[in-house]
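**Student:** Pasting the sequence and the predicted coordinates here, then a few questions.
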Amino acid sequence: MGVSSVTLVKEKLDKPAGSGDYGFALTSLTSLFFMWGFITCLNDILIPHLKGVFSLSYSQAMLVQFCFFGAYFVVSLPSGYIVKKLGFQKGIVLGLIIAAIGCFSFFPAAAMHSYPLFLAALFILASGITLLQVSANPFVSILGKAETASSRLTLTQAFNSLGTTIAPFFGALLILQQVAEGMSATEKAQAVQMPYVMLAGLLLLLAAIFSYIKLPKMELNEKSNETNKISGSAWQYRHLVLGAVGIFVYVGAEVSIGSFLVSFFNDANIAGLEETEAAKYIAYYWGGAMVGRFIGAVVMQKIAAGKALAFNSVAAVILINIAIFTSGQIAMSAILLVGLFNSIMFPTIFSLAITGLQQHTSQGSGILCLAIVGGAIVPLFQGFLADSIGLQNSFFLPVVCYLFIIYYGLKGSKPVTEIAKS
């Protein structure tokens, strides 16, 4: 059954001195959102770096995102089972340890100059982050009033975006700038070793911290169906199923755009920037998402989540079309501004999708995390398109993704009776 009949329950717990709510827990969890945002965004630096080191095509380079986000598809449901057995806090600690092992694996991958080993390391790293996501997202959503769940997730996602904003500078400085003319391919590959070993050490430190701090306990309460008359599954809820599609296309579009930014800005028709300089502009894309999330955390307490989601998606469609059909500074600015409108999308889709699931909330969270595999599929398809019709024209694929999100915000997110009752 996995996590199909799980109820999330908040239990009373002695809180840290002076706290009257769940502020301490949210503050602690925020560090995790920052960390996995930082690590995920480093892929945008890693892709052009490995593309050059191993002389890859666009589609081959996108295997970085395929292996990274493919882990969400493979590991999400097992992660739900692990969280069910260990609890949310121990799940977080285990996720941090697995992610650290993935970061350490970059060292032998670079030493052996092996692209397949890099991909394996990325899969292990992403497996740990998947477990963190399955543990932390529903935790944040439930720590407070249901009506402000979108606002809370948006706020924590803002710190996720802070990580993605800082990461490009870190990657440009410690990876891309370490590559010099005349270096061998193996020496260029080894530029990633120390940055990822440093990340591994930080992840292990966080694991130690989360082993000792006290968080509000949320147990996975499995009472018998005879007592609670629990039946069915999260798949019966139309807005959850459509929300999973929404997460798939949103993550796919956001990741795909970020993955191609360095190459896009390197194009002579756009900006003709060197990779080291182009990498720094990625910070504006993810920084826009950070600013938008801080704003959204306040604004969305007054505006309906679905309408805000649709509005931002319309803006993204317009901006990407400008990037496709123009050139130079206009195209460059337009694609970077998409980040601002991406800001509220993930937390909003997530919270809308799990609304009203009750005892199926944990399973619904696992399904939504499963849908993050869009970050593996969409960039790979855009890579094939870039190889065949050109990089700039390939951006029509994210446009299609945002069109679905417009539909979900306006209509598909409205909770309805279960699809079918058994």
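**Tutor:** Ah, there it is.
**Student:** rest of the way, CA atoms for contacts and neighbours
**Tutor:** Fine.
**Student:** The nearest residue to Gln177 once chain neighbours are set aside and Val179: what is the separation?
**Tutor:** Once flanking residues are discounted, Gln177 sits nearest to Thr276: 6.5 Å by Cα to Cα, 6 or more residues apart in numbering. Per Cα to Cα, to the nearest Å, Thr276 is found 10 Å from Val179.
**Student:** out of these two, which sits in the more crowded spot?
**Tutor:** Higher neighbour count among Thr276 and Val179: Thr276, with 22 against 19, using other Cα atoms under 10 Å.
**Student:** Can you name the helix or strand that that one falls in?
**Tutor:** Assessed by DSSP states H and E, Thr276 sits inside helix 275-299.
**Student:** Now do that helix: which elements does it pack against?
**Tutor:** helix 149-174, helix 238-266, helix 328-342 (3 or more Cα pairs under 8 Å, 6 or more residues apart in numbering; DSSP states H and E).
**Student:** could I get those helices as TSV with distance to Leu42, mean pLDDT and mean neighbour count?
**Tutor:** Output for the helices and strands packed on helix 275-299, formatted as TSV (distance: least, Cα to Cα, whole Å; pLDDT from 0 to 100; neighbours: other Cα atoms under 10 Å):
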stretch	distance to Leu42	mean pLDDT	mean neighbour count
helix 149-174	6	79	25
helix 238-266	10	95	25
helix 328-342	16	95	21
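**Student:** And the ones you listed: which comes nearest Lys302?
**Tutor:** helix 149-174 (10.1 Å; Cα to Cα).
**Student:** Mind checking the helices and strands packed on helix 275-299 for the one nearest to Cys67?
**Tutor:** helix 238-266 (13.0 Å).
**Student:** other SSEs contacting the closest one?
**Tutor:** Helix 238-266 sits against helix 23-53, helix 275-299, helix 328-342, helix 345-354, helix 361-370, helix 374-389, helix 396-407, with contacts defined as 3+ Cα pairs under 8 Å, 6+ apart.
**Student:** Between helix 361-370 and it, find me the angle.
**Tutor:** Relative orientation of helix 238-266 and helix 361-370, computed by axes from the mean of the first three to the mean of the last three Cα atoms, to 10 degrees: 30 degrees.
**Student:** could you dump the helices and strands packed on helix 238-266 to JSON lines with distance to Ser127?
**Tutor:** Formatted as JSON lines, the helices and strands packed on helix 238-266 follow (distance: least, Cα to Cα, whole Å):
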{"stretch": "helix 23-53", "distance to Ser127": "11"}
{"stretch": "helix 275-299", "distance to Ser127": "23"}
{"stretch": "helix 328-342", "distance to Ser127": "24"}
{"stretch": "helix 345-354", "distance to Ser127": "19"}
{"stretch": "helix 361-370", "distance to Ser127": "12"}
{"stretch": "helix 374-389", "distance to Ser127": "13"}
{"stretch": "helix 396-407", "distance to Ser127": "25"}
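**Student:** With only the CA atoms kept, save stretch 271-284 in PDB.
**Tutor:** What follows is stretch 271-284, C-alpha atoms only, in PDB (Å, rounded to 0.1, in the frame of the first residue of the first chain):
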ATOM      1  CA  ALA A 271      24.600  38.400 -26.000                       C
ATOM      2  CA  GLY A 272      27.800  36.500 -27.000                       C
ATOM      3  CA  LEU A 273      28.900  36.200 -23.400                       C
ATOM      4  CA  GLU A 274      31.700  33.900 -22.200                       C
ATOM      5  CA  GLU A 275      30.500  31.100 -20.000                       C
ATOM      6  CA  THR A 276      31.900  32.500 -16.800                       C
ATOM      7  CA  GLU A 277      30.100  35.800 -17.400                       C
ATOM      8  CA  ALA A 278      26.900  34.200 -18.700                       C
ATOM      9  CA  ALA A 279      26.800  32.000 -15.500                       C
ATOM     10  CA  LYS A 280      26.500  35.000 -13.300                       C
ATOM     11  CA  TYR A 281      23.300  36.100 -15.100                       C
ATOM     12  CA  ILE A 282      21.600  32.900 -14.000                       C
ATOM     13  CA  ALA A 283      21.400  34.600 -10.500                       C
ATOM     14  CA  TYR A 284      18.900  37.100 -12.000                       C
END
